[in-house]
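1. Dropping a prediction and its sequence here:
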Amino acid sequence: SQQGEEDPQALSIQEGENATMNCSYKTSINNLQWYRQNSGRGLVHLILIRSNEREKHSGRLRVTLDTSKKSSSLLITASRAADTASYFCAYVPRSNAGGTSYGKLTFGQGTILTVHP
Amino acid sequence: NAGVTQTPKFQVLKTGQSMTLQCAQDMNHNSMYWYRQDPGMGLRLIYYSASEGTTDKGEVPNGYNVSRLNKREFSLRLESAAPSQTSVYFCASSERTWMVEKLFFGSGTQLSVL
C-alpha cells in the first residue's frame, strides 16, 4: 500500500497550546494537502504545499515539506476548542513512468486532535 | 451553495441486499470519486471518474460498481452487500484528476450491513 502514515495517532492539548502533526509518505509527489474532518462530517481542504515549496502559512496553520525525508508537518498555533477534529494528509503519488500525477489522492490514516477548553 | 450532496445519510442492509448511493455536485467539476472510511484505515479510494463517460478502479473496487450518469452525478452500487462493506462512504469532486489540488467532500453515508 502507498498509504501515508501520520503521527501521533491522537493528540490531546489545552486551548492556546500549539499542535503539531506529522505525515510520512513513500513515493515522489507533486503536492501534499492537509484536510480536517469534524466528527460525523466530510473532509474539508485546509492547505496545499507543492513539492518545490518548503513551508507555507495560512492563518494559524503552518505546513512544512521535506521531500528528501518524504515527510510533512502541520502546525496549528494557539489552538482553540473548535480545532478539535481529525486531520489527514493526502498526496498524489507520481507514477513510475514519466513522472505524471494522474489519478488518485492517497490519504494518511489521520491524527485525532482534541483541544480542551 | 450545496457543493457535494450525498444520499442517504444512513442505511442498514442485510447481507445480500443491494443498494445505490447517490452523489451530485453543483460546482461543474470534471472529476468525481467514491471513498470509504474505516477506523484506523484512513480513506481508501473505491472508484473514480476523471470526466463524464469514464470510470476507473481505485484501491478497493471489489464488490462495487459505479455509474457516471452525467457531469453532476456519480452513483455507487453495492450489488450484494457483505458485512465487510460496513463503512462510511464519501463522495468527492475536483476540477480535474490530473495533479488534483483540492477535493470537495460530501457529508458521508454511514452504511451498516448485518
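-> Yes, it's here. Residues are numbered from 1 along each chain as shown, chains lettered A, B, ... in the order given.
2. what sits against residue B:80?
-> The contact partners of residue B:80, by CB atoms under 8 Å, 6 or more residues apart in numbering or on different chains, come to B:16, B:17, B:18, B:63. For the C-beta atoms, the positions are set from N, CA and C on the backbone; glycine is no exception.
3. For chain A, see how far away it is.
-> 25 Å (CB to the nearest CB, to the nearest Å).
4. Which residue does chain A have closest to chain B?
-> residue A:42 (3.4 Å; CB to the nearest CB).
5. Report pLDDT for that residue.
-> On pLDDT, residue A:42 comes in at 93.
6. Chain B: strands as residue ranges?
-> With DSSP state E as the criterion, chain B has strands at B:4-7, B:10-13, B:19-25, B:31-38, B:42-49, B:56-57, B:64-68, B:74-78, B:87-94, B:104-105, B:109-113.
7. got the angle between the fifth one and strand B:64-68?
-> Looking back up the chat, that one is strand B:42-49. Relative orientation of strand B:42-49 versus strand B:64-68 (axes from the mean of the first three to the mean of the last three CA atoms, to 10 degrees): 50 degrees.
8. Neighbouring strands - and their directions - for strand B:42-49?
-> Here strand B:42-49 has these sheet partners by DSSP bridges: strand B:31-38 (antiparallel), strand B:56-57 (antiparallel).
9. Could you give the average pLDDT over that strand?
-> 91.
10. And for the second one?
-> This predicted structure assigns strand B:10-13 an average pLDDT of 96.
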